[in-house]
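K.L.:
prediction below, plus the sequence it came from.
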Amino acid sequence: MDTSPRQRTGGRAGRVALRAYAHAHMERQPFLTRTLKPFEVLSEEGLSILEANADTILHEVGLEFRGDPEARRLLKEGGADVDGERVRFPSGLARSIIQETAPRTFTQHARNPERSVQIGDPYTVLAPNYGSPFVHDLDRGRRYGTIEDFHNLVKLTYMSPYLHHSGGTVCEPVDVPVNKRHLDMVYAHMRYSDKPFMGSVTHPDRARDTVELARILFGADYLEDHAVILSLINANSPLVWDSTMVGAARAYAEANQATLITPFILAGAMAPVTAAGVAAQTLAEALAGMTFVQLVRPGAPVVLGSFASSMSMQSGAPTFGTPEPQLVLFVLAALARRLGVPFRSGGNFTASKLPDYQAAYESAISYMATMQAGVNFNLHTAGWLEGGLAIGYEKFILDEDQASMTGAYIGGVDVTDNGYALDAMLAGGPGQHFLGSPHTLANFENAFWRSEISNNDSFEQWEIDGGLDAAQRANVRWKRRLAEYEMPPLDEAIHDELVEWMDRRKASFPDSDV
């Protein structure tokens, strides 16, 4: 735990002061605003058929809500048909419940209010990798993640001008007991960053622990009408919601906190092989989950999530950078807009084990679709390797560089007078260049997006500078960033209360690896 000196400003007063505090040295966009129209791949008729197919799945097949009688009781009271663990939804019920109370957009508040994000149309929020048990860098190769790696990745994200959100389980710190590491992870987001963060979902009690820590950080009253936690709730596809995920979703909804309701589907194994089949099943599973959240607490923020991967029909391994999952992404983004809830999907995906050519092209294909589809919350923006089994330090920096173009891309075409540039063209003439044009001189600094990693020097200059490839340049960059890291301020009284609560909580039960 950090014990460096901090100014004591005192409990509730400290929380108010923190919410009023802004970092003068970090003037960055807290989120992006889209003007580029999302790319559509299906007609109105096609989207309507998929909505009807999802409704048919909900009505005729239904889903199992396993191990949670209370969830099934609540769904039955809400109008669903319950038979044992199977829950079926009369036609249109799920959609009507969600549309009646779920917000179209919401704010996830950060402890530094200048880092708060808007989630929903027309906004885009970028977050780092999530869930990898392994980490990779050029110096030490592939290894299990540790709490030191977790801290490093939170710090790298905090210092990134292009990642708006601290994320959640950026890697699994396997050197900390499974049943207690959630406390260390949530604390790390609170201490080493002041951006919004995600909570634990691996057990309902761990979700409740996250809420309690947030109440200390923000104040219990503040959580009643402010979403400060966003958490990833995955369906157990096909067509199952298990007690762990349902219990975690309930814990957050009861506290009025936000959830990403996301079916995780490997097409061909957990859903049909076709994009339309995956889309209909994803929508059905997500509708059931979001309905449950709205019945727990009407108005609790929900995000429709989609994570769909293709698979090798020869080996069964997931594949990335292929066209079919991108089509699913486009379709689900449109379906979320029609439903009227924010949408989560996308990322810089690859099956490559190294930050190499395969990683680059698979990630570029995945991320281009992310920008074009109109994703509102993008998990896995930076670091993903090996089908998600690893997060790479160099891959993190390379992905972040690609993500830095997002604002320029989704900002669309500048149609102001400056963008039309008619005066500049009228002032010139045939054969006259624009290098000395007043318009060029006024715009040259910000005329084009510039990569911070790519090298455009001559071969000779590149060789003089060490002849480093992109991954080697990224290696230098992440090390320099960590060396320059400075913690954001945190009121000492609040920090002490966080640590004391965590220590008591850890001491209340023995270590376990489950």
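P.N.:
Arrived safely, thanks for sending. Numbers count the residues shown, from 1 in each chain.

K.L.:
state the phi and psi torsions of L58.
P.N.:
phi -60, psi -40 (degrees, to the nearest 10).

K.L.:
so it touches M290, yeah?
P.N.:
No - using Cβ atoms under 8 Å, L58 makes no contact with M290, being 11.8 Å away. Heads up, the C-betas are built off the backbone N, CA and C, glycines and all.

K.L.:
quick check: neighbours shared by the two?
P.N.:
Common neighbours of L58 and M290, using Cβ atoms under 8 Å, 6 or more residues apart in numbering, are A94.

K.L.:
what is the lengthiest strand in the chain packed up against?
P.N.:
Using DSSP state E, we find that the single longest strand of the chain is strand 258-266. With contacts defined as 3 or more Cβ pairs under 8 Å, 6 or more residues apart in numbering; DSSP states H and E, strand 258-266 has these neighbours: strand 229-235, helix 243-254, helix 275-296, strand 302-305, strand 307-311.

K.L.:
for the closest residue to L50 other than its chain neighbours, give me its contacts.
P.N.:
In space, L50 comes closest to A280 once its chain neighbours are excluded; the distance is 5.1 Å by Cβ to Cβ, 6 or more residues apart in numbering. Residues near A280 by Cβ under 8 Å, 6+ apart: 50, 53-54, 57.

K.L.:
now, which of these lie within helices?
P.N.:
50, 53-54 (DSSP state H).

K.L.:
what is the nearest of these to G428?
P.N.:
Distance to G428 across the ones in helices among the contacts of A280 (Cβ to Cβ) is lowest for L50, with 51.0 Å.

K.L.:
wait, doesn't the closest one sit right on V331?
P.N.:
Yes - using Cβ under 8 Å, L50 makes contact with V331 at a distance of 6.9 Å.

K.L.:
now do the shared contacts for those two.
P.N.:
42, 276, 279.

K.L.:
follow-up on the earlier one: could I get the ones in helices among the contacts of A280 in TSV, plus columns for pLDDT?
P.N.:
Output for these, formatted as TSV (pLDDT from 0 to 100):
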residue	pLDDT
L50	98
N53	98
A54	98
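
K.L.:
closest one of the residues you listed to I365?
P.N.:
Comparing the ones in helices among the contacts of A280 against I365 with Cβ to Cβ places L50 closest, at 23.4 Å.

K.L.:
give me the number of residues near that closest one?
P.N.:
By the measure other Cβ atoms under 10 Å, the count of residues near L50 is 23.

K.L.:
how about E70?
P.N.:
13.

K.L.:
same question for E486.
P.N.:
With other Cβ under 10 Å as criterion, E486 counts 10.

K.L.:
pLDDT wise, what is it at?
P.N.:
pLDDT, E486: 98.

K.L.:
name the SS class of it, please.
P.N.:
Assigned state for E486: coil (three-state reduction, DSSP: H, G, I helix; E, B strand; the rest coil).

K.L.:
if I look at it, how far off is Y158?
P.N.:
10 Å (Cβ to Cβ, to the nearest Å).

K.L.:
before we move on, what about G168?
P.N.:
14 Å.

K.L.:
looking at those two now, which is surrounded by more residues?
P.N.:
G168 (26 against 21).

K.L.:
just to check, that one is in contact with S132?
P.N.:
No - taking contacts as Cβ under 8 Å, G168 lies outside contact range of S132: 11.5 Å.

K.L.:
contacting residues around the closest residue to M245 other than its chain neighbours?
P.N.:
Spatial nearest neighbour of M245, excluding adjacent residues (Cβ to Cβ, 6+ apart): I233 at 5.1 Å. Residues near I233 by Cβ under 8 Å, 6+ apart: 201, 245, 248-249, 259-262, 289.

K.L.:
and the residues you listed as TSV, adding distance to R215 and neighbour count?
P.N.:
Shown next, in TSV, are those (distance: Cβ to Cβ, whole Å; neighbours: other Cβ atoms under 10 Å):
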residue	distance to R215	neighbour count
V201	18	25
M245	23	26
A248	17	26
A249	19	28
T259	18	31
L260	21	28
I261	23	27
T262	25	24
G289	25	29
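
K.L.:
pull up the gap between the residue nearest the centre of the chain and W241, please.
P.N.:
Central residue of the chain (Cα atoms, centre = their mean): L379, 2.6 Å from the mean position. Distance check for L379 against W241: by Cβ to Cβ, it reads 20 Å.

K.L.:
and G92, by the same measure?
P.N.:
For G92, the distance to W241 - Cβ to Cβ - is 20 Å.

K.L.:
which of those two has more residues huddled nearby?
P.N.:
W241 (28 against 12).
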